[in-house]
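**Student:** fold the following and give me the result.
(one chain, ligands or ions: 2)
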Amino acid sequence: MTRRTDQRRVLLVDDSRVTRNLQKATLLAAGYAVVDVDCGEAALAEIGIAEGPPGGGGHGFELVLLDNMMPGLSGPDVLRRIREFYSRVELPVIMVTARDESGDIVNALKAQANDYVIKPIDFPVLLARMETHIGFKKSHEDLRNSHRSLIHAAKMESVAHLAAGVAHEIRNPLAQIQMSVDGAMMALGDEAKMAKEFLGMTIEAVERAEGIISELVNYSSSASLKLAKADLNDFVSETLELMTEEFEGHATLVKRELAAEPPMAFISPEELRQVLLNLLLNSLQAMATGGTVTIRTGVRVVEGLVAVEGARTGARVRNGDEAAFVVVEDNGPGIAEGDLSKVFDPFFTSKATGRDHGKGLGLTVARQLIELHGGAIELENSSPGLRATLLLRVNETAML
Ligand SMILES: Nc1ncnc2c1ncn2[C@@H]1O[C@H](COP(=O)(O)OP(=O)(O)OP(=O)(O)O)[C@@H](O)[C@H]1O
Ligand SMILES: [Mg+2]
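**Tutor:** Ligands and ions are numbered 1, 2, ... in the order given. Model prediction:
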């Protein structure tokens, strides 16, 4: 969670301090958050493209107000650089030209400026134009999010279809294998110890395969959940009690920082328990030599929530909503930045192969279940370790 998304940030680029201060004062008065810089190089650094392609975090601005004529990199130079990475709807740029010179204006538009204004700036007109371009950017984002949700829904449908097929085709032979192995074990005498060991391993493998099929079927069934209001503190305590066995023999300390005022949220305890177990198990497994897992609960206003692919829109918690949260934070190694976007993918696992190896379904299932709650799940590296945040609804809204 980085910055508030309801705070609209504008990047102001002008080499003249007087002009910059005047523009800044006007934009601040209009409710924008302003970052101002005095040259093109600094502008590229603010946008995160001074050294080349941007990192994963995005540029964080709603709009750039860019002076046309500056020493060093000129306005159009900066603009061309921006457009290598961000389109007009991804980062709107309004060019500020000194004179009503058609040459400058044509150049700016050729370099893909969204718009231009002429100095001395007519501020009411500038603010109106900014609103228009920020509005376009927002509609574009909404459209892209619903497009992603549609793609995800289509994917889910085919996964469900596939899972049902796999379950049907594979479960019968698995059951047969299990029965035959049980029979063979009984038929073998006491001296056939080795053979029995191998058969035992066969049974474990069969159980594992059965487990994967069950999880796949669960994951792809999009049955809606029956949510009821519950106290998250009680829920967390009960879940931890159920997990005493997993924590046994583990040098991991579990710290509870539960809200003094019990946070009430709409949950389906059985499913939410599975989510919390998956998170806690991941933390335990990440800290094989011991560490601390901290569990926090509370209520807060949601901010900085990034729309993710596959997020169900509509009934989901959004920025600005009040939501209850459960945070599971460990001080293990965290997740490599490049892997953060992949860990929710089915079968993504970094856990070694072998008997206890990961199936790579824990987080996939967790996200699906949280979405069925109309909530959201977020993972971020803390320093050190991983922080997983579950956001849950505090009021009843018609679910999708
Ligand atoms: N707390 C954590 N610390 C470090 N890495 C983590 C943490 N939680 C998840 N990961 C990474 O995300 C991957 C995917 O997690 P996920 O729970 O989906 O699958 P898994 O734990 O590998 O297998 P399983 O299906 O048994 O849960 C893990 O393999 C691990 O690399
Ligand atoms: Mg896991």
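
**Student:** residues in contact with Ala154?
**Tutor:** For Ala154, the contact set (CB atoms under 8 Å, 6 or more residues apart in numbering) is empty. Backbone N, C-alpha and C define where each C-beta goes, glycine included.

**Student:** so which strand or helix has it?
**Tutor:** helix 123-187 (DSSP states H and E).

**Student:** ok, Asp36 next?
**Tutor:** Taking DSSP H and E as the criterion, Asp36 maps to strand 33-37.

**Student:** neighbouring contacts of that strand?
**Tutor:** Strand 33-37 has contacts (CB under 8 Å, 6+ apart) with 7-14, 20, 23-24, 27-28, 43, 45-46, 61.

**Student:** packing partners for the helix or strand that it is followed by?
**Tutor:** Downstream of strand 33-37, the first helix or strand assigned by DSSP H and E is helix 40-47. In terms of contacts (3 or more CB pairs under 8 Å, 6 or more residues apart in numbering; DSSP states H and E), helix 40-47 is packed against strand 9-13, strand 33-37, strand 63-67, helix 75-85.

**Student:** who does the first one pair up with?
**Tutor:** In the sheet, strand 9-13 lines up against strand 33-37 (parallel), strand 63-67 (parallel) (DSSP bridges).

**Student:** does any bit of stretch 341-355 sit next to ligand 2?
**Tutor:** No: Stretch 341-355 does not reach ligand 2 (CB under 5 Å from the ion); its nearest approach is 7.6 Å.

**Student:** run a quick neighbour tally on the residue of the chain found nearest ligand 2.
**Tutor:** When scored by CB to the ion, the chain has Gly362 as its residue closest to ligand 2, at 2.8 Å. Neighbourhood size, Gly362 [other CB atoms under 10 Å]: 23.

**Student:** which ones are touching it?
**Tutor:** 278, 281-282.

**Student:** in helices, which of those residues appear?
**Tutor:** Judged by DSSP state H, the subset of the contacts of Gly362 located in helices is 278, 281-282.

**Student:** are any of the residues you listed buried, and which?
**Tutor:** The neighbour-count criterion (16 or more other CB atoms under 10 Å) marks 278, 282 among these as buried.

**Student:** what about ligand 2: which of the ones in helices among the contacts of Gly362 touch it?
**Tutor:** Near ligand 2, by the rule CB under 5 Å from the ion, you find Asn282 out of these.

**Student:** can you say which helix or strand has the residue nearest to Leu109 when sequence neighbours are not counted in it?
**Tutor:** Once flanking residues are discounted, Leu109 sits nearest to Tyr116: 7.2 Å by CB to CB, 6 or more residues apart in numbering. Using DSSP H and E, the element containing Tyr116 is strand 115-118.

**Student:** what helices or strands is that strand leaning on?
**Tutor:** Against strand 115-118 (3+ CB pairs under 8 Å, 6+ apart) you get strand 93-97, helix 102-110, helix 123-187.

**Student:** tell me the most buried of the ones you listed?
**Tutor:** strand 93-97 (a mean of 23; mean count of other CB atoms under 10 Å).

**Student:** for that one, name the packing helices and strands.
**Tutor:** strand 63-67, helix 75-85, helix 102-110, strand 115-118, helix 123-187.

**Student:** CA atoms of that strand as PDB?
**Tutor:** The C-alpha coordinates for strand 93-97 follow below in PDB (Å, rounded to 0.1, in the frame of the first residue of the first chain):
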ATOM      1  CA  VAL A  93       0.300  15.600 -20.600                       C
ATOM      2  CA  ILE A  94      -0.700  19.200 -21.100                       C
ATOM      3  CA  MET A  95       2.000  21.400 -22.800                       C
ATOM      4  CA  VAL A  96       2.400  25.000 -21.700                       C
ATOM      5  CA  THR A  97       3.600  27.100 -24.600                       C
END
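
**Student:** residues from the stretch 251-400 of the chain in reach of ligand 1?
**Tutor:** 278, 282-283, 286, 330, 332-335, 343, 348-351, 358-364, 386 (CB under 6 Å from any ligand atom).

**Student:** would you confirm that Glu202 contacts Ser180?
**Tutor:** No Glu there; residue 202 is Thr. No: counting by CB atoms under 8 Å, Ser180 is not a contact partner of Thr202; they are 9.4 Å apart.

**Student:** low-confidence stretches in the stretch 201-350 of the chain?
**Tutor:** In the predicted model of the stretch 201-350 of the chain, residues 221-223, 307-315 satisfy pLDDT under 70.

**Student:** quick one: residues in contact with the host helix or strand of Arg20.
**Tutor:** Applying DSSP H and E as the criterion places Arg20 in helix 17-29. Applying CB under 8 Å, 6+ apart, the external contacts of helix 17-29 come out as 10, 12, 14, 34, 36, 38, 65, 67, 119, 121, 123, 126-127.
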